[in-house]
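*Asks:* I would like the atomic coordinates for the input below:
(one chain, ligands or ions: 1)
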Amino acid sequence: MCGIIGYVGGRPCQELIVQGLERLEYRGYDSAGFALLDGPGHGFALVRAVGNLSKLRAASESLNGASVATTGLGHTRWATHGRVTEANAHPHLSGDGRVAVVMNGIIENYMELRRELQDGGVVFHSETDTEVLPHLIARAYQGDLVEAIRAVIPMIAGHYAFVAAHADEPGRLVGTRFECPLVVGVGTDESFLASAIPAFLHETREIINLDDGDIVVLDADGVHVLTADGASAPHPVERVEWDEDAAEKGGYDTFMLKEIHEQPAALWDTIGDRLRDNGSVIIDELGLDDAALARVERIHIVACGTSFHAGLIGRYLIEDWARVPVHIEVASEYRYRTCLAGPGDLVIGITQSGETADTLAAMRVARERGAHVVALTNIMGSQATRDADGALYTRAGLEIGVAATKTHTAQVMALALLALKLGRLKWALTEAGATDLAEDLRRVPDLIEAYLASDGPAKVAEVAQRYRDREFFLYLGRHVGVPVCFEGALKLKEISYIPTEAYPAGEMKHGPIALLEEGSPVVVVAPDGHVFDKVISNIQEVKARGARVIAVATQGNRQISQHVDDVLWTPKTPALLSALTTVVPLQLFAYELATARGLNVDQPRNLAKTVTVE
Ligand code: AGP
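*Replies:* As a prediction, the model looks like this:
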């Protein structure tokens, strides 16, 4: 949530800062701003604007001459404290205008600090928690920005990453982080500081990952990392091999559509070399050897949003293939309940970004109890991997669309691999059974690829057009179709703002059926499998109440068309693996409805790609 970019070097940096912010816009897009520092004796040139980055670009045209500045810091905001206004947009300045700060995260004791500063005569210009920082730094400043920041850090509570500059020290940026990401980009005679690598990936692939409590100084001498007590703490420079084009739309209208179409590749890559023909699975990064994994008696899964839905699907896979009981809960609840995980338990935190505050907190709670915690994530080196004992990486590539698509199916695939591995280790699967499942899993990406190249997506678009004006959708499914419904319904509500309800079809009679009236659209996930007939009965029940049914069903099924109004066909798979294929038309359905309504699917209102606040 929110994006930070900072630059120190020899080049005029206004455009570098704005471009960096554009690449971070997926993290927050309520408002944005930057401050540039020209040279000794000058103050900051500050530009801020409400709305997306095009508004900031327009506002920055008012800057005449500041574009020669070679030190700058910028921010794109997702509001937490204070409304979406220009005054609340970052950077924030100290009263004397000499200190500029951009921050991600939350200063939890800001009210107290604000009162204390106000009592000392400080006038605040925003409603944000961030603004206490420039004032505190200015008050502590005695000619050295690093020392001032070191003095301020013990005063603040919360989780944050911030970057500051002082007008008396042009050519210098100082940043620090605690439980929020901040990464350094190391260029030739220049360096960057950002909340995420894509911000500077066009400029350098050499990065330094910072640890909690590190203070980093960027200046003409390069990059220096210090500990909280000021000691030098050199960090290794690592190289990222990410595909730069991942941050571009590559011919698609939106990132979301591009990422839907990247699902076959995300799944092939997630399988990679981990799956052997005989059904054995090699996952190197779990931090548990096979003997220890075989002893796991209980699994807890914690996650939020779409990642939680992947976890729900994972439960079906793990319990069916490995016969290990799985407890799953949304992280924001798990973290505040009595945690019963302990030594011998495996806890999986699923988070594509590796940054979701609640998921990280839930993982920490379980780790403190002695459980072995694994981060299932798409981002190597993310906070989740640092907080965990091991990892399970999806290899979906960078996902920019706020609505998660390819990372979701990649998470399900990763859980399937883990389930298969556990199934063999626990002797719940025979070698022949595991071999068949391995073959089934390998086939899934090909099936999705063929589906995306078929007339299936056009059919989804046609159906979506017909339903574009509906104001409510009910989603029903059974078995593994239930989490698929949850996910389909979440996709629709987050990008089209249409209210949805998703329910286990068998539970519908206990309440949601009252929502139905003549013509109400009901999306039913109805792949072939042992609950298909039960789902047909539920379809008849909603039809009897006048509903119009859109079914997601298996290609070649002869019965379904007699019972429903529209069918979105999906490829044939074993029942459990239908979770990977049936979700694709639902992603497209949400996409088509939202675009038919003229909405920006990559930047849905009020949402942000990474939720670093609880
Ligand atoms: C997905 O479409 C949503 N944007 C959201 O629910 C997301 O899955 C959730 O915030 C969790 O994110 P994470 O996987 O990065 O932890």
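
*Asks:* for the residue of the stretch 251-400 of the chain found nearest the ligand, which non-adjacent residue is closest in space?
*Replies:* Closest residue of the stretch 251-400 of the chain to the ligand, Cβ to the nearest ligand atom: Gly305 (1.9 Å). C-betas here are computed from N, CA, C, even on glycine. Nearest non-adjacent residue to Gly305, counting by Cβ to Cβ, 6 or more residues apart in numbering: Leu490, 6.8 Å away.

*Asks:* pull the contacting residues for the residue of the stretch 251-400 of the chain closest to the ligand.
*Replies:* Ala404, Leu490, Val611 (Cβ atoms under 8 Å, 6 or more residues apart in numbering).

*Asks:* let's see it at 10 Å
*Replies:* 330-331, 350-352, 356, 358-359, 403-404, 408, 486-487, 490, 494, 607, 611 (Cβ atoms under 10 Å, 6 or more residues apart in numbering).

*Asks:* tell me the pLDDT at the closest residue to Val330 other than its chain neighbours?
*Replies:* In space, and not counting its chain neighbours, Val330 is closest to Phe308: 5.4 Å by Cβ to Cβ, 6+ apart. pLDDT, Phe308: 98.

*Asks:* now do the contacts for Phe308.
*Replies:* Phe308 neighbours (Cβ under 10 Å, 6+ apart): 301-302, 328-332, 350-351, 359, 483, 486-487, 490.

*Asks:* please repeat the previous calculation with a cut-off of 8 Å.
*Replies:* Phe308 neighbours (Cβ under 8 Å, 6+ apart): Ile328, Val330, Ala331, Ile350.

*Asks:* in which helix or strand does it reside?
*Replies:* helix 305-321 (DSSP states H and E).

*Asks:* check which element follows that helix along the chain.
*Replies:* With DSSP H and E, the next secondary element past helix 305-321 is strand 326-330.

*Asks:* any idea of the mean pLDDT for that following strand?
*Replies:* Strand 326-330 comes out at a mean pLDDT of 97.

*Asks:* likewise stretch 103-112?
*Replies:* 93.

*Asks:* now that stretch: buried residues?
*Replies:* Met103, Asn104, Gly105, Ile106, Ile107, Tyr110 (16 or more other Cβ atoms under 10 Å).

*Asks:* now do the contacts for the fifth one.
*Replies:* It stands for Ile107. Leu113, Asp129, Thr130, Val132, Leu133, Ile156, Ala157, Gly158, Tyr160.

*Asks:* confirm Ser561 sits in a helix?
*Replies:* Yes: counting by DSSP: H, G, I helix; E, B strand; the rest coil, Ser561 is located in a helix.

*Asks:* who touches it in this structure?
*Replies:* Val567.

*Asks:* so where do the strands sit in the stretch 101-250 of the chain?
*Replies:* With DSSP state E, counting those that start in this stretch as the criterion, the stretch 101-250 of the chain has strands at 158-166, 173-178, 183-186, 191-194, 206-209, 215-219, 222-226, 238-239.

*Asks:* okay if I get those as JSON lines plus mean pLDDT, distance to the ligand and mean neighbour count?
*Replies:* Formatted as JSON lines, the strands of the stretch 101-250 of the chain follow (pLDDT from 0 to 100; distance: least, Cβ to the nearest ligand atom, whole Å; neighbours: other Cβ atoms under 10 Å):
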{"stretch": "strand 158-166", "mean pLDDT": "95", "distance to the ligand": "15", "mean neighbour count": "25"}
{"stretch": "strand 173-178", "mean pLDDT": "96", "distance to the ligand": "18", "mean neighbour count": "26"}
{"stretch": "strand 183-186", "mean pLDDT": "96", "distance to the ligand": "16", "mean neighbour count": "24"}
{"stretch": "strand 191-194", "mean pLDDT": "96", "distance to the ligand": "18", "mean neighbour count": "28"}
{"stretch": "strand 206-209", "mean pLDDT": "93", "distance to the ligand": "18", "mean neighbour count": "20"}
{"stretch": "strand 215-219", "mean pLDDT": "96", "distance to the ligand": "24", "mean neighbour count": "22"}
{"stretch": "strand 222-226", "mean pLDDT": "95", "distance to the ligand": "26", "mean neighbour count": "18"}
{"stretch": "strand 238-239", "mean pLDDT": "90", "distance to the ligand": "22", "mean neighbour count": "12"}
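
*Asks:* which one of the ones you listed lies nearest to Arg466?
*Replies:* Closest of those to Arg466 is strand 191-194, at 44.0 Å (criterion: Cβ to Cβ).

*Asks:* quick one: distance of that closest one to the chain centre.
*Replies:* A distance of 21 Å separates the C-alpha centroid of strand 191-194 from that of its chain, computed with Cα atoms, centre = their mean, to the nearest Å.

*Asks:* out of the contacts of Phe308, which touch the ligand?
*Replies:* Checked against the ligand using Cβ under 6 Å from any ligand atom, the contacts of Phe308 yield no neighbours at all.

*Asks:* switch those residues over to JSON lines; also include neighbour count.
*Replies:* Shown next, in JSON lines, are those (neighbours: other Cβ atoms under 10 Å):
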{"residue": "Ile328", "neighbour count": "20"}
{"residue": "Val330", "neighbour count": "17"}
{"residue": "Ala331", "neighbour count": "28"}
{"residue": "Ile350", "neighbour count": "34"}
